[in-house]
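> could you look at this predicted model? Sequence included:
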Amino acid sequence: MAARSDVELRWEGDGLPALAWRGAHPWLSGERIWSTINGSADTWLSLLHTLGLETEPLLMSSLCADFEGDQWTRVGLPEADLWSCHGIAVEELQVWRPLLAHAVEQLSRGHAMLVDADQFHLPDMIGAGYLREHATTTIAVTGYQQRAREIRYIHGSHTGMLAGRDLDAIVTGAAGDALRPSVARLVKLDRMVARGRTELGEIGIALARFHGTRMPVVNPVRAFAESMREHVSWLSAGDAAYFERWAHATLHQCGSAFELAGDACRWLASHGQPVAAAVEPLQAVSRGARTLHQRLALVHETRRPPDVTRILETMASAWTDAMMILRPLYGP
């Protein structure tokens with residue numbers, strides 16, 4: 001284990017370092033079943049790619065994705081796992097002054113900063129939510145140019161610059177102001193380490209055993225199918241906006257979680273774990289969620305929900321097949 005020395009920092013004229021953008025994480029390229037996960041996970045993926053770090057050992061919590069009643073488990077990269085795998089510490093930032101002041105302080109220390117921001121003010125969202133729709137998402141602040149008063153940030157598969165009114169709207173809130181304080185976390189990179197393949201494999205396997213103890217006892221796909229029967233009435237009502245919110249919390253999170261679980265198992269198999277046969281059934285659950293999304297998206301036009309019983313049963317059976325392989329190794 002050794003401290004990393006290959007993370008490229010570009011020094012701006014004001015002396016603050018900025019991580020050199022290496023492009024979006026390959027998983028966000030659009031060639032997968034789900035090309036996005038959620039605002040926080042997507043930004044973490046691209047930040048880790050920029051740092052040149054492996055993502056797969058951080059995916060073990062996806063093995064225990066569950067239906068929570070009004071959503072599927074929102075997959076993230078657990079902070080404890082980031083520390084275990086890569087020596088990255090994440091700390092909550094108490095925003096007691098304008099956020100820009102905090103950003104300058106932390107960037108000068110060589111840290112990045114995660115900020116829950118309004119997509120309404122993010123220029124990379126042009127053509128989507130920029131200046132059109134308010135919604136909270138997560139950005140990683142990675143650099144600041146004092147002379148131009150611009151912040152560099154990573155947001156999912158994009159990088160961008162915040163300046164002018166957009167910058168003011170996101171960074172001026174502080175405790176005691178009329179504006180609501182921003183929610184922010186420090187991403188401390190000063191103890192980041194480069195682990196060898198064997199060491200990282202041992203940590204990833206240990207994390208699979210740790211998270212695996214939370215695998216659902218009852219088939220979550222069947223629980224979801226039962227819940228969907230209660231949603232037939234509003235699915236037929238034709239509220240497209242409501243459907244998209246519901247679909248993102250359920251179908252999107254379900255599908256992306258099990259696609260990531262398949263990635264985790266493929267990585268575990270490459271480290272000698274007998275889980276290669278679990279990859280296909282996990283991917284089948286993910287594909288089923290995609291098919292459900294495509295079919296149900298038309299309900300607001302037809303006002304008649306399709307019969308999706310067979311799709312759900314196929315997904316439920318696939319989940320059982322995967323758990324028969326994973327539970328004896330990692331489960332409760």
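Thanks, I have the structure now. Numbering: from 1, shown residues only.
> which helix of the protein spans the most residues?
The helix that spans the most residues within the chain, counting by DSSP state H, is helix 309-330.
> distance between it and the chain's centre?
Chain-centre distance of helix 309-330: 23 Å, with Cα atoms, centre = their mean, to the nearest Å.
> remind me which residues of this structure are low pLDDT?
Low-confidence segments of the chain (pLDDT under 70): 1-18, 172-181, 232-233, 236, 238, 300.
> could you pull out the strands for it?
Secondary structure of the chain, counting by DSSP state E: strands at 2-3, 9-11, 17-19, 89-93, 112-118, 136-145, 150-155, 158-162, 183-188, 193-194.
> quick one: closest of those to V285.
strand 136-145 (25.7 Å; Cβ to Cβ). Heads up, the C-betas are built off the backbone N, CA and C, glycines and all.
> can you list the buried residues in the closest one?
For strand 136-145, a neighbour-count test (16 or more other Cβ atoms under 10 Å) marks T137, T138, I139, A140, V141, T142, G143, Y144, Q145 as buried.
> ok, those vs W83, which is closest?
A140 (17.1 Å).
> residues contacting that closest one?
The contact partners of A140, taken as Cβ atoms under 8 Å, 6 or more residues apart in numbering, are T43, W44, S46, L47, A112, M113, L114, V115, Y153, I154, H155, V187.
> try it again with 7 Å
T43, L47, A112, L114, Y153, I154, V187 (Cβ atoms under 7 Å, 6 or more residues apart in numbering).
> same question for E56.
D263, A264, W267.
> and with 8 Å instead?
Shown in contact with E56 (Cβ under 8 Å, 6+ apart): G204, D263, A264, R266, W267.
> show me the contacts for the first one.
By that I understand G204. By Cβ under 8 Å, 6+ apart, the neighbours of G204 are E56, P57, M60, C85, W267, L268, H271.
> tell me which of those residues is nearest to E105?
Distance to E105, by Cβ to Cβ, is smallest for C85 among those, at 26.7 Å.
> now the closest one. Nearest residue, chain neighbours left out?
Counting by Cβ to Cβ, 6 or more residues apart in numbering, the nearest residue to C85 once its immediate chain neighbours are dropped is P57, at 5.0 Å.
> what is the neighbour count of the one you found?
25 (other Cβ atoms under 10 Å).
> related to what we said a few turns ago, looking at the strands of the chain, which is closest to D239?
Relative to D239, the nearest member of the strands of the chain by Cβ to Cβ is strand 136-145, separated by 21.4 Å.
> so for the chain, which residue is the most central one in space?
A41 (1.3 Å; Cα atoms, centre = their mean).
> that residue against S62, yeah?
No: between A41 and S62 there is no contact under Cβ atoms under 8 Å: 9.9 Å.
> between the two, which contacts overlap?
Both A41 and S62 are contacted by V75, under the criterion Cβ under 8 Å, 6+ apart.
> so who does the residue nearest to L326 when sequence neighbours are not counted touch?
Leaving aside its sequence neighbours, L326 sits nearest to A278 (Cβ to Cβ, 6+ apart; 5.5 Å). By Cβ under 8 Å, 6+ apart, the contact set of A278 is G262, C265, D321, A322, I325, L326.
> and which of the residues you listed is nearest G196?
C265 (21.8 Å).
> isn't that closest one up against A276?
Yes: the pair C265 / A276 is scored as a contact, 7.1 Å apart, by Cβ under 8 Å.
> so between the two, which is more surrounded?
Using other Cβ under 10 Å, the more surrounded residue of C265 and A276 is C265, with 29 against 13.
> OK, contacts around the residue nearest to C85?
Counted by Cβ under 8 Å, 6+ apart, P57 has contacts D81, C85, L200, G201, I203, G204, L207, W267.
> can you rerun that using 6 Å?
Shown in contact with P57 (Cβ atoms under 6 Å, 6 or more residues apart in numbering): C85, L200, G204.
> ok, back up a step: buried ones among the contacts of A278?
Neighbour-count burial (16+ other Cβ under 10 Å) applied to the contacts of A278 gives G262, C265, D321, A322, I325, L326.
> so what's the residue count around the closest residue to I151 other than its chain neighbours?
Nearest residue to I151, sequence neighbours excluded (Cβ to Cβ, 6+ apart): L162, at 4.4 Å. L162: 26 surrounding residues under other Cβ under 10 Å.
> state the distance from L162 to A148.
The gap separating L162 from A148 is 11 Å, by Cβ to Cβ, to the nearest Å.
> with adjacent residues omitted, what lies nearest to M161?
Nearest non-adjacent residue to M161 (Cβ to Cβ, 6+ apart): E150, at 4.8 Å.
> A24 too?
S157 is the one closest to A24 (Cβ to Cβ, 6+ apart), at 3.6 Å.
> and the one you found, how far is that from P305?
Here the distance between S157 and P305 works out to 32 Å (Cβ to Cβ).
> of these two, which one has the most company?
For S157 versus P305, neighbours defined as other Cβ under 10 Å are more numerous around S157 (21 against 16).
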